[in-house]
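Peer 1: Structure here, sequence nowhere to be found:
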């Protein structure tokens, strides 16, 4: 099984997800970027690991 990691990060005035060095389009909210990353991963039928930055700028992981 392939494992792909999606990282959710702030970029300029929005949020993006990153995987394998490629950035997504920019989203207005972190939640929108997270949902888009999950959708992209489910379309690829892979187990995913999302890294999120919370409001206190701490990172945590979520497996989906």
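Peer 2: Thanks, I have it. The structure displayed is predicted, hence computed values, not measured ones.
Peer 1: Tell me the strands beside the helix-or-strand element of the chain with minimal mean pLDDT, with direction?
Peer 2: For the chain, using mean pLDDT, DSSP states H and E, the weakest element among its helices and strands is strand 47-53, scoring a mean of 70. Sheet pairing of strand 47-53 (DSSP bridges) gives strand 3-11 (parallel), strand 59-63 (antiparallel).
Peer 1: Would you point to the one among those strands that's packed deepest?
Peer 2: A comparison of the strands paired with strand 47-53 by mean neighbour count, using mean count of other CB atoms under 10 Å, puts strand 3-11 on top with a mean of 16. All C-beta spots, glycine's among them, are computed from the backbone N, C-alpha and C.
Peer 1: quick one: low-confidence ranges for this protein?
Peer 2: Within the chain, the stretches with pLDDT under 70 are 1-2, 43-48, 63-64.
Peer 1: what about 90?
Peer 2: Residue ranges of the chain with pLDDT under 90: 1-6, 19-22, 38-64.
Peer 1: Quick check: nearest residue in space to residue 25, chain neighbours excluded?
Peer 2: Residue nearest to residue 25 in three dimensions, not counting chain neighbours: residue 16, with 7.2 Å by CB to CB, 6 or more residues apart in numbering.
Peer 1: Can you name the helix or strand that that neighbour falls in?
Peer 2: strand 14-19 (DSSP states H and E).
Peer 1: Any chance of TSV for the strands paired with strand 47-53, columns distance to residue 41?
Peer 2: Formatted as TSV, the strands paired with strand 47-53 follow (distance: least, CB to CB, whole Å):
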stretch	distance to residue 41
strand 3-11	6
strand 59-63	10
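Peer 1: For residue 37, which of those is the nearest?
Peer 2: Proximity to residue 37, assessed across the strands paired with strand 47-53 by CB to CB, is greatest for strand 3-11 (4.1 Å).
Peer 1: ok, back up a step: number of residues surrounding the residue nearest to residue 25?
Peer 2: Per other CB atoms under 10 Å, the neighbour tally for residue 16 reads 20.
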